[in-house]
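Novice: would you be able to build a 3D model of this:
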Amino acid sequence: MKKIALYFLFTFNLFFFTRINAQLAAPDLRCVSVTTPTTAVLTWIIPPDPTGIFSQYQIWTSITGSGFILIGVVNTYTQTSFTHAPTTVGNQSRYYYVTAVSSGTNISAPSDTLKTLFVNLAGSSVNGISSLNWNSMRVPLLPTSSTSYTVSREAPVGVWTPIYTGSGLSYKDTIYKCKIFYNYKVEISDALGCISKSNIKGDTCKNKQAPYAIELDSVSVNASGQAVMGWQPSLSQDIDCYVIYSSNGGFLTEVGRVCGVNNTSFTYTASSAGSSSEGYCIAAVDSCGNFNIPSSTHNSIFITAPTYDLCSRTANLTWTPYSNLAKGVLKYDVYCSTNGGVYNLIGSSINTSFSHSGLVPGDVYCYFVKVRNTDLSISASSNIQCFTATGLPAPTFVYINSVSVNTYSKYIEVTYTVDTTKTFKGCVIYKSANGISFSKIAYVTSTVSPYTYIDKDVKATEKNYYYKVEVADECENPGVVSNVSKNIVLKVYHDNESLFNNVLTWDDYTTWLGGVESFNIYRAVNGIFDPTPIVNVPVGTWTYNDNVQDFVSAQGKFSYYVEAVEGIGNTLGFKDLAKSNPADAYVEVNVYVPNAFAPKGINNVWLPMAQYVEKTDYKVMVFNRYGVKIFETHSDVEGWTGDAATDDVYVYLIEYKNARGEYIQLKGHLNIVR
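Specialist: Numbers count the residues shown, from 1 in each chain. Coordinates of the predicted model:
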């Protein structure tokens, strides 16, 4: 029993003296925040107190960092903050730390000492820059503290905007507003989630800084000859207006203002950029009237009136170079509009000149030039220059009078007339097989009018050929073009079923201004054409049957050609004729030879009947059974009378040339009957 009492006494004394001698650690002070000019709030983490020996927290402060004084106590163990008020933290920085009292009298070592953030402001109303600086809360910062300070600016009232985050202890805020009151504060956070805030410092700030430099993008010329400028919005925060200057020999004259930072174009209605190149530059002005240095001068492109080469029909263009294009000039694109149509790109130049060839006299051509920079991001256009292309005085017409086939050579003769009131160099002859696709076949240098061109490379008896003529002026440039005309193709054949008929067919003649009135048909017998047509048939008639029974004594070859007759109404006063190709028909008839005759009877003359044979090559011979020739004649009307011949069988041989020129021999027997 005595041992138990001693053990209990020992345990009680050990617990009592351990509790008396135990000491709480100081709270872990993390943040000191200035909430008003006279109030500071401290935030900490409470220390562990497993044995419940907490008595109070003591709050200490100092202005200099030494000679700390006790300013308050906290008697609640779980309380994690303390508000010090009133105090001078709005005017100067203060140091704070916290201690813990345990078991009534035991005071812990101080917590980390933290210094309130105090921000100073200078220069804002003098040089347009708010120079801010502040102290560090602790050197080094707490391990749990952020390493970055955040500077915020208040504008408008109640709206704070961060303007700086970093580890530095100073910041310069450039003022872009003309006159404005700004408040500033500095903050730094802790891993605990609390934030240490500085005092708030404010002043009326004035903008002393000129806006950032600005450059023109381009100076173009509109259709009215006015200069049009464009640029990118300024990066400066305070832009009141953009000021546009004309630049002439280094002298700047304000010609306009464009207000509003995002308004970035200007048309100078009093400019004369349609008459000459003009220079312009730009500057920005802020709400305090601060100007930046004017930009470099951009000179508009002025394209001069084209010079025109009559012979080559070429417009030669020149223009002034564009100056100070951002990223440099890559090329100049040349655009053209014809007779008021849309503008099309016709070429590019790396120089300040361009030639446009192949112009058509009488057409109106308008040009402008567009410069492009090296990455094609910027362009600027010139003024517009227009002119009417002209040509040398040239004939007003060329007219094909006829496309005829020469009756004897069968070549095609193209006869045309040119307006001789104007001089010309010559004519180009074109030929086509279908009237659509033409090819040049000759250049005639003769200026005689009318003129007949002979085309030998033809098969005029087989096919049509279309022709047109183009006049070349004194520069040998193409001029007016004639009507298109073609030859007539005539086909003739002998109607074997109708012994004495030759059938003619032909196509129409084209083209006359007076149209086709009728067709004359000419016939040749024995190779000689009668100068008088055998018939005239109206237009629309394409066939004719010719009865040649009256010409049985002829050799049997008949030739024809058709002649088209132009109608009245040709506005040039012409009334022409055009011949077809000649075409032949051959009438071939067998020679009738009697096989017997009676010299003393009724049929007393033996006479072969020959029609349509060549008379000059006609020969008839009779032989007796011994091969002796007893009769010969070269006349188709002379017969054998059989004089001194006995009744017998005889042999005849007839030779003649038919209508085609072929030599024919006929052999046979004949009998004499007494």
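
Novice: please count neighbours and contacts with C-alpha atoms only from this point.
Specialist: Noted.

Novice: mind checking how far Ser81 is from Ile45?
Specialist: 9 Å (C-alpha to C-alpha, to the nearest Å).

Novice: likewise Asn263?
Specialist: Distance from Asn263 to Ile45, by C-alpha to C-alpha: 57 Å.

Novice: and if you look at Cys288?
Specialist: Counting by C-alpha to C-alpha, the gap from Cys288 to Ile45 is 51 Å.

Novice: what touches both of Ser81 and Ile45?
Specialist: Shared contacts of Ser81 and Ile45 (C-alpha atoms under 8 Å, 6 or more residues apart in numbering): none.

Novice: now the helices: where do they sit in the protein?
Specialist: 2-21 (DSSP state H).

Novice: between Cys288 and Ile45, who's got more neighbours?
Specialist: Cys288 (18 against 15; other C-alpha atoms under 10 Å).

Novice: now do the contacts for the more buried one.
Specialist: Lys177, Cys178, Lys179, Asn207, Lys208.

Novice: the first one contacts Asn207, doesn't it?
Specialist: Yes: counting by C-alpha atoms under 8 Å, Lys177 sits close enough to Asn207 to count as a contact (5.5 Å).

Novice: what's the burial count for Ala213?
Specialist: Ala213: 16 neighbours (other C-alpha under 10 Å).

Novice: quick check: it vs Ser296, distance?
Specialist: Counting by C-alpha to C-alpha, the gap from Ala213 to Ser296 is 10 Å.

Novice: what do you get for Arg138?
Specialist: Arg138 sits 52 Å away from Ser296, going by C-alpha to C-alpha.

Novice: same deal with Leu117?
Specialist: 48 Å.

Novice: who has more neighbours, those two?
Specialist: Neighbour comparison, Leu117 and Ser296: the larger count goes to Leu117, with 28 against 18 (by other C-alpha under 10 Å).

Novice: quick one, what contacts the residue lying closest to the more buried one once chain neighbours are set aside?
Specialist: In space, and not counting its chain neighbours, Leu117 is closest to Ser198: 4.3 Å by C-alpha to C-alpha, 6 or more residues apart in numbering. Listed by C-alpha under 8 Å, 6+ apart, the contact set of Ser198 reads Ser33, Val34, Thr116, Leu117, Phe118, Val119, Lys185, Val186, Glu187.

Novice: on that earlier part again, out of the contacts of Cys288, which is most surrounded?
Specialist: Asn207 (25 neighbours).

Novice: for that one, what are its contacts?
Specialist: Contacts of Asn207 by C-alpha under 8 Å, 6+ apart are Asn127, Gly128, Ile129, Thr174, Ile175, Tyr176, Lys177, Cys178, Lys179, Cys288.

Novice: quick check: it vs Lys201, distance?
Specialist: 18 Å.

Novice: low pLDDT regions in the stretch 151-300 of the chain?
Specialist: Nowhere does the stretch 151-300 of the chain drop to pLDDT under 70.

Novice: what do you get for the chain?
Specialist: In the chain, residues with pLDDT under 70: 1-21, 124-126, 552-554, 589-590, 611-614, 659, 674.

Novice: tell me the centre residue of it?
Specialist: The residue lying closest to the centre of the chain (C-alpha atoms, centre = their mean) is Leu345, at 6.2 Å.

Novice: ok, now which ones touch that residue?
Specialist: Neighbour list for Leu345: Asp333, Val334, Tyr335, Cys336 [criterion: C-alpha under 8 Å, 6+ apart].

Novice: and the third one, how many neighbours?
Specialist: When neighbours are counted by other C-alpha under 10 Å, Tyr335 registers 18.

Novice: once you drop chain neighbours, what's closest to it?
Specialist: Per C-alpha to C-alpha, 6+ apart, closest to Tyr335 is Leu345, 4.4 Å.

Novice: how near is the one you found to Val334?
Specialist: Separation of Leu345 from Val334 (C-alpha to C-alpha): 6 Å.

Novice: find the residues that touch each one of the two.
Specialist: With C-alpha under 8 Å, 6+ apart, Leu345 and Val334 have no common neighbours.

Novice: name all residues that make contact with the residue found closest to Leu490 once you drop the neighbours it is linked to in the chain.
Specialist: Spatially, and ignoring its direct neighbours in sequence, Leu490 is nearest to Trp506 (4.4 Å; C-alpha to C-alpha, 6+ apart). Going by C-alpha under 8 Å, 6+ apart, Trp506 touches Ile488, Val489, Leu490, Lys491, Trp542, Thr543, Val562.

Novice: contacting residues for the fourth one?
Specialist: By that I understand Lys491. Here Lys491 is in contact with Thr461, Leu504, Thr505, Trp506, Ala583 (criterion: C-alpha under 8 Å, 6+ apart).

Novice: who's Phe519 bridged to?
Specialist: Val537, Ala564 (DSSP bridges).

Novice: wait, I meant Pro478
Specialist: Bridge pairing for Pro478 - DSSP bridges - gives Ala472.

Novice: from Ser295, how far out is it?
Specialist: 53 Å.

Novice: show me what contacts the residue nearest to Glu254 when sequence neighbours are not counted?
Specialist: Sequence neighbours aside, Tyr245 is the residue nearest to Glu254 in space, at 4.3 Å (criterion: C-alpha to C-alpha, 6+ apart). Neighbour list for Tyr245: Leu252, Thr253, Glu254, Val255, Gly256, Tyr280, Cys281, Ile282 [criterion: C-alpha under 8 Å, 6+ apart].

Novice: can I get these in JSON lines with neighbour count and distance to Val525?
Specialist: Below are the contacts of Tyr245 laid out as JSON lines (neighbours: other C-alpha atoms under 10 Å; distance: C-alpha to C-alpha, whole Å):
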{"residue": "Leu252", "neighbour count": "17", "distance to Val525": "100"}
{"residue": "Thr253", "neighbour count": "13", "distance to Val525": "100"}
{"residue": "Glu254", "neighbour count": "13", "distance to Val525": "100"}
{"residue": "Val255", "neighbour count": "14", "distance to Val525": "97"}
{"residue": "Gly256", "neighbour count": "16", "distance to Val525": "98"}
{"residue": "Tyr280", "neighbour count": "26", "distance to Val525": "93"}
{"residue": "Cys281", "neighbour count": "24", "distance to Val525": "96"}
{"residue": "Ile282", "neighbour count": "28", "distance to Val525": "98"}
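
Novice: and those residues, which two are the farthest apart?
Specialist: Leu252 and Gly256 (12.0 Å; C-alpha to C-alpha).

Novice: what bridges to the residue nearest to Glu254?
Specialist: Glu254, Cys281.

Novice: can you start the count at 284 instead of 1 from here on
Specialist: I'll keep to 284 as the first residue from here, and by that count the last item is Tyr528.

Novice: I'd like the distance between it and Thr318.
Specialist: 53 Å.

Novice: same question, Arg806
Specialist: 132 Å.

Novice: hang on, isn't Tyr869 packed against Phe841?
Specialist: Yes: using C-alpha under 8 Å, Tyr869 is in contact with Phe841, at 6.3 Å.

Novice: which one of the two has more residues nearby?
Specialist: It is Phe841, of Tyr869 and Phe841, that has more neighbours when counted by other C-alpha under 10 Å, with 25 against 19.

Novice: quick check, the more buried one in contact with Ala807.
Specialist: Yes: between Phe841 and Ala807 there is a contact at 5.6 Å, judged by C-alpha under 8 Å.
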